[in-house]
Structure formats: structure tokens, C-alpha cells
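Trainee: fold the following and give me the result.
(2 chains)
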Amino acid sequence: MKELIIAALQKSISDMGINYDGVIEISRPKQKENGDYASNIAMKLAGIMHDNPMNIAASLVDNFSCSQVTNIEIKAPGFINFFVAKDYLLENLKKVLVEKENYGRSNIGNGQKINIEFVSANPTGILHLGNARGGAYGDSLARIMRFCGFDVTEEYYINDAGNQINNLGESIKARYFEICQQDYPMPENGYFGKEIIAMAEEIYAEHQDTYLDKDIEFYKEFGTQKMLDRIIADLKEYGINYDVFTSEKAISKKYDLKDIINKLSQNGYTYVSDGATWFKCSSIFDDKDHVLIKEDGTLTYLVPDIAYHYDKYNRGYDKMIDIFGTDHHGYVARLKSSVKALGNDPDKLEVKLLQLVRLVENGEVVKMSKRTGKSVTLKELIDEVGVNAARYYFSRYSLDTQMDFDLGLAKSKSNENPVFYVSYAYARISSILREKDTNNIPEKFETLNNVDTYNVLEKVYAFPEVVENAALKELPHLVTNYVYELANLFHTYYSKNRILTDNEQETMENILLIKGIRQTIYNALNLIGVIPPEKM
RNA sequence: GUCCUCGUAGCUCAGCUGGAUAGAGCAUACGCCUUCUAAGCGUACGGUCAAGCGUUCGAAUCGCUUCGAGGACACCA
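Mentor: The predicted structure is shown next:
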């Protein structure tokens, strides 16, 4: 419909002999009285033509012709408002009923290969609220982009080497020794979470104190594997299934990290100072240089990460999206610099920063920390409020809002989560369809003609565009907001209109209407990882 | 101190490639169940879009400044 009007406008512009190569914008006015569609083109042309927008609008309308448009109005300061026949809404309803779970699917992505890396929490603790937010965002974005024809890979990077894994091993060992009533010091940066104790207990339960002579590698290996299993299980329960797990160890095996540094050197991006080898990233995107090889000869964490991204580039993605917490924001410039320094296109790498979730308890901010074990875990969240409520909650807001999360409030208010409002619409429809159902789509709908029906059908019609927008702007919360509005229009429609009536024809058409609405709700919720219930 | 992100109703947030009268939910007050699910519908109340200046026919949206919140500035990861 939009395209038709744009094309017609285009034609009337060129018929008037105007040379305009800008974009013709058509919007949906907020106020109903301003028509179904509106254009600001006359005001845009005013600058070029040195004429009053109202005059230009009048000429455009004189030259305008489009059979679907039933009425046109010009309003100050120069808007052209179009009123269109509602048939397209009914045609679209048929489309929904035919395409079913594919309604809204498109191919705007055209098979472009996209890699989305998210969560990627170190296997030194279980997932917490921040991961719940990043996970909801990353997975929803992946679903939405896939729905739009992108070829998406969801990836998790496992930091299974380095200092933090040492600390993990040492922490487990210390706890195990403690259980065996032996002395072993907790490392300075040790992990104090419950799960660490649980792992030590697990070793004890199976081997009692016969493992006291195991070296640290055993604890590291054991801890990493156990923790990773839990992380993956939690994510799976949360509705996230990764396509690829890449481990730091594997990257270090695949590439000789010294070779990566050599490559940087060959391109002139390293130098030695104070006995250390530095990355000259300040000459690219960063504001200061960073160490690659420490004075003692060991590598910094930066090197495997550079190798990891080098590897991603080698895999040939058109675009790579990394999702980090804002606490890693300083890291972005380094990473992008390394991409460029290795001869790759840094524009293909996009880093999304999510504001961290602050945990609030009784009105006070609680510092979450993996080290101290003070946090709310993803698992606890799911157990308390359920996957649907959790996914919906974190899919509601854009990444850059600073969120406070009060678990006490979340528990007590779980019924206030809008996911129930949307689910309720779905369940209501399902309930009616259990009474009566039909699959016979008529050639033409005859009885669907009241204003509530048109309002909700307009929302249904908007779905593909919303999805497209969400995919291109990489904003899943647009879909969440959309489905809420759709449910709202359905509830309004429902409260004023009876669906099962004495009139057979009317009843059948009503059923097809609510079926189309239900399908659209389902498709939208599916994109944010929510599965609506048949009954509530 | 330098650099990022944010500041919209009492609270939580939408709206931001500039468009017409800035929107929801919660909270507050008041209506609506003899009929398909009241986890619902409706009405009212609630705003100097942090402040100021600028660009523009037109600014919550773009630019600059100030204030406020959060974060980053390691030979830790």
C-alpha cells in the first residue's frame, strides 16, 4: 500500500517536471483524522522550488492518481494525507492465514552471513542477571535477523585459559582441601561462590580425600568443564541454543599466537619498550598503546582475543556483532585496531554495549560480583518467574537503558509483567477456537467492517515492517513493544465485539480474524523467545 | 582529569535517519462480569521531554555548553 502511494507520488512529481532525487517518505499519522498515510514531500520540495508548501501540495494532488486512495486532504503546513480503501487489510488477513508461521518472514537479509557473539561469560561462575539481558538481546536479534533472511550464526566464546581459570582451579582446590581438613590457601583473586564449594563437595563425594595429590591442572579442567555444562544448560532452558562454541584453548592451538604478533609487527604495529612488546593501537583507533608480550615473556589476554577475531574474519562473515557489557567499552578500540592492523575491514565488526543490570535489594544497590558470589543467577530468575516472563522482561528495553532489577519486586509483581497481558490475548483466542474453528478462507470477507476490526487488522498488517525494522536497526525491543500493542488492540476489539454469533457467515469471518491475530502474536513472541500458553 | 553511554509523567520505560495535539504500563480516583477467559475493558488525574544556546518552515529527536547518573581509563581478564 505504502509502495503504491510512493510510486503514485513519484509519478506526479515527474509529471510536474520536477527533478527530485531524494527519498519520498510516507508515514502513518498518529491521529486518525490525518488519514491512513501522510507525506511531507511538499515541504521537502518547498526548498528546491522556492514556493509555498501548500501550493506545491495542491499541484501534487491535482496530478495524483491511485485507485486505492479514496480521499486526499492537504493540511497546514503542507502535509498531504491519504485515506485508503480497507480492502488491503482483509487481503492481508488472508495472507496471514495462508502463510501461518511464516507471516512476516522476508528476505531482506539476502543470505548475508552474520555472526552474533553474546554472553561469552568466563566459565568461572554461573550466569547472572547481566547475562540474562545480553542473552535475551543476542538470541532475539538472531531470531529476528534469521526471520529476515540473514544467515545467522550464534556464537559463544569460552575463555578457558589464562589467569581466571587458574584462580578457578585454585579456588576449587582450596575448597576441596578445606573439606578434607587440610590447609590450602584461597588465592587472592579467588572465587567465593556457592557453586565452587559444590564442585569441591562433588569431588569429595566421589573420591573422598584420595585426590589431595592431584595437581592444579586437574582442578582447572574439572572446574571449567562443570561450569560450562551448567552455563550451557541454563542457556538452553532460557531458550538459547548456540550454533558455535569457540574456545580460547582451541584458538591457541589453531594459530601460533606468536605468528599473530609477527603479523602485527610486519605491518608495523608493534614496538618494544621496557622489555615488553606493545601494540601500537593508538595509531589506529585507540588513545593509548597496549602490551602484547609482558616483560616476563607471557602474553596478555589481548593476544588470544585478537587471534579469535582474526579467526572470525577468516570464516568469511559479512558482519560480526559482539555484545559486551559497558564495562568492556574501552576494549572496543583495541579490538577494532587489531582487525585493521591485520588487514581486515573494521567496519564489519560491530560492538554493541549493554548497560549493566544493577541489582537492588530493599531500595539499595547491591554490588554483584562473581568473586564474592553475591548475585542473582539466571537459573534463580527462571525458577522464580519463568522463562517467558524473564525473556519478555529483558526484551522490553533498549540496550542503553540503565536497568535496576529488584528480585523481590520481580517475584511479587510477576503477574504485572506485560508478558501475561500478551499471553492472555493468545489464550483467550485459543479458548474460543476450541469452541469453534474453521479453515475455509473465503474469496472475500463481507462482515469484517467495524472500526475495532480495522484497528487491529492495521496492526497485523504492520508486523512485517516492524520485524524488518527491528532486524535492520538491530533493536529486538521493537518487536516486544509491537506485540504488546497488538494484544492491546485485540483486547479492545474483544471487549466490544462478540465473536461467536447467530450469524454463521459473520462467525466464520470473526474466527478467521482472531486466528490471524493469534498467529501474528505467536510469530512475534517466537522472535523474542516466548512461547505463549493455550490456556491461562 | 580524559573518553564513552544515558537523563521523557510520582515510578518503570517507549518514541530519536527532524514533522501535525509527546505515548504505554504501574501507582491514584471512579465506572463495567445473566452472554466466547475481568490476568480484561473504559474514564479521570498526571509533562518547562534535565537546563541553556544554536541549526531549521518545524527539535524530545541534530550541534555546542552546563548540570546530574552510570561506566572505562593495568605488563588483570
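
Trainee: give me the neighbour count for the residue nearest to A:K348 when sequence neighbours are not counted.
Mentor: Closest residue in space to A:K348, ignoring its immediate chain neighbours: A:K319 at 5.5 Å, by CB to CB, 6 or more residues apart in numbering. Where C-beta positions appear, they are placed from N, C-alpha and C, glycine not excepted. By the measure other CB atoms under 10 Å, the count of residues near A:K319 is 16.

Trainee: specify the beta-bridge partners of A:K319.
Mentor: Beta-bridge partners for A:K319, by DSSP bridges, are A:I114.

Trainee: just checking, A:M186 touches A:A174?
Mentor: Yes: A:M186 is in contact with A:A174 according to CB atoms under 8 Å; the separation is 4.4 Å.

Trainee: out of these two, which sits in the more crowded spot?
Mentor: Neighbours were tallied for A:M186 and for A:A174 using other CB under 10 Å; the higher tally belongs to A:A174 (20 against 17).

Trainee: quick check: A:S337 touching A:F285?
Mentor: Yes: the criterion here is CB under 8 Å, and A:S337 meets it with A:F285 at 4.7 Å.

Trainee: what about A:F405, distance to RNA strand B?
Mentor: In this structure, A:F405 lies at 8 Å from RNA strand B, with CB to the nearest atom of the strand, to the nearest Å as the measure.

Trainee: nearest residue to that residue other than its sequence neighbours?
Mentor: Counting by CB to CB, 6+ apart, the residue nearest A:F405 is A:V357, at 5.1 Å.

Trainee: which one of A:S337 and A:F285 has more residues nearby?
Mentor: Remark: of A:S337 and A:F285, A:S337 carries more neighbours, 24 against 17, as counted by other CB under 10 Å.

Trainee: residue of the stretch 151-300 of chain A closest to RNA strand B, please.
Mentor: For the stretch 151-300 of chain A and RNA strand B, the shortest gap (CB to the nearest atom of the strand) falls at A:D274, measuring 2.8 Å.

Trainee: buried ones in the helix or strand harbouring A:E3?
Mentor: Using DSSP states H and E, A:E3 falls within helix A:2-15. For helix A:2-15, burial by neighbour count (16 or more other CB atoms under 10 Å) applies to A:L4, A:I5, A:I6, A:A8, A:L9, A:S12, A:I13.

Trainee: which helices and strands sit right next to it?
Mentor: Contacts defined by 3 or more CB pairs under 8 Å, 6 or more residues apart in numbering; DSSP states H and E place helix A:2-15 against strand A:26-27, strand A:37-39, helix A:41-49, helix A:53-62.

Trainee: ok, the residue nearest to A:C66 when sequence neighbours are not counted to RNA strand B distance?
Mentor: Sequence neighbours aside, A:A8 is the residue nearest to A:C66 in space, at 3.9 Å (criterion: CB to CB, 6+ apart). Distance, A:A8 to RNA strand B, by CB to the nearest atom of the strand: 17 Å.

Trainee: A:A8 contacts A:V61, correct?
Mentor: No: the pair A:A8 / A:V61 is not scored as a contact, 10.7 Å apart, by CB under 8 Å.

Trainee: low-confidence ranges in chain A?
Mentor: Along chain A, segments meeting pLDDT under 70 span A:361-365, A:367-374.

Trainee: closest point of it to RNA strand B, which residue?
Mentor: Across chain A, no residue is closer to RNA strand B than A:G330, which sits at 2.4 Å (CB to the nearest atom of the strand).

Trainee: which SS class is that residue?
Mentor: Three-state assignment for A:G330 (DSSP: H, G, I helix; E, B strand; the rest coil): helix.

Trainee: and it, how far is that from A:V351?
Mentor: Here the criterion is CB to CB, to the nearest Å. By it, A:G330 lies 11 Å from A:V351.

Trainee: more neighbours: the two, which one.
Mentor: Ranked by neighbour count (other CB under 10 Å), A:G330 and A:V351 place A:V351 first, with 17 against 11.

Trainee: list the residues that contact the more buried one.
Mentor: Neighbouring residues of A:V351 by CB atoms under 8 Å, 6 or more residues apart in numbering: A:I321, A:D322, A:I323, A:F324, A:V332, A:L335, A:K336.

Trainee: A:M54: which of those is nearest?
Mentor: Closest approach between those and A:M54, by CB to CB: A:I321, at 45.6 Å.

Trainee: surely that closest one and A:N115 touch.
Mentor: Yes: judged on CB under 8 Å, A:I321 makes contact with A:N115 at a distance of 6.9 Å.

Trainee: would you list the phi and psi of the residue nearest to A:F405?
Mentor: phi -90, psi 130 (degrees, to the nearest 10).

Trainee: that one: how many residues sit nearby?
Mentor: The burial count for A:V357: 22, using other CB under 10 Å.

Trainee: quick check: residues of the stretch 51-200 of chain A near RNA strand B?
Mentor: Contact residues, the stretch 51-200 of chain A versus RNA strand B (CB under 7 Å from any atom of the strand): A:K75, A:P77, A:G78, A:F79, A:N81, A:N122, A:N159, A:G162, A:N163, A:Q164.

Trainee: about what we covered before: from A:N40, how far off is the residue nearest to A:C66?
Mentor: 16 Å.

Trainee: follow-up on the earlier one: identify the contacts common to A:S337 and A:F285.
Mentor: Common neighbours of A:S337 and A:F285 (CB under 8 Å, 6+ apart) are A:P346.

Trainee: nearest to A:N131 among the contacts of A:V351?
Mentor: A:I323 (10.4 Å).

Trainee: could you look up the SS state of the closest one?
Mentor: strand.

Trainee: which residues are in contact with it?
Mentor: A:I116, A:E117, A:F118, A:V119, A:G134, A:Y137, A:G138, A:V351, A:K352, A:L354.

Trainee: that one pairs with what?
Mentor: Taking DSSP bridges, one obtains A:K352 as the residues bridged to A:I323.

Trainee: mind listing what's buried along the helix or strand hosting A:Y219?
Mentor: Assigned by DSSP H and E, A:Y219 belongs to helix A:216-237. Neighbour counts over helix A:216-237 (16+ other CB under 10 Å) mark A:219-220, A:222-224, A:226-228, A:230-232, A:234-235 as buried.

Trainee: next one: stretch A:150-167
Mentor: Quick answer for stretch A:150-167 (16+ other CB under 10 Å): A:150, A:152-162, A:164-165, A:167.

Trainee: look at that stretch and report the distance between its end residues.
Mentor: From its first residue to its last, stretch A:150-167 covers 40 Å (CA to CA, to the nearest Å).

Trainee: would you confirm that A:L433 contacts A:G516?
Mentor: No: the criterion here is CB under 8 Å, and A:L433 misses it with A:G516 at 11.7 Å.

Trainee: ok, A:E485 touching A:V460?
Mentor: No: using CB under 8 Å, A:E485 makes no contact with A:V460, being 11.0 Å away.

Trainee: which of the two has more neighbours?
Mentor: Set A:E485 next to A:V460 and count neighbours by other CB under 10 Å: A:V460 wins out with 24 against 14.

Trainee: count of neighbours near the spatially closest residue to A:K336 that is not a sequence neighbour?
Mentor: Once flanking residues are discounted, A:K336 sits nearest to A:P346: 4.5 Å by CB to CB, 6+ apart. For A:P346, the count of nearby residues is 16 (other CB under 10 Å).

Trainee: mind listing the helices for the stretch 401-536 of chain A?
Mentor: For the stretch 401-536 of chain A, the helices defined by DSSP state H, counting those that start in this stretch occupy A:407-412, A:418-435, A:451-473, A:477-496, A:504-527.
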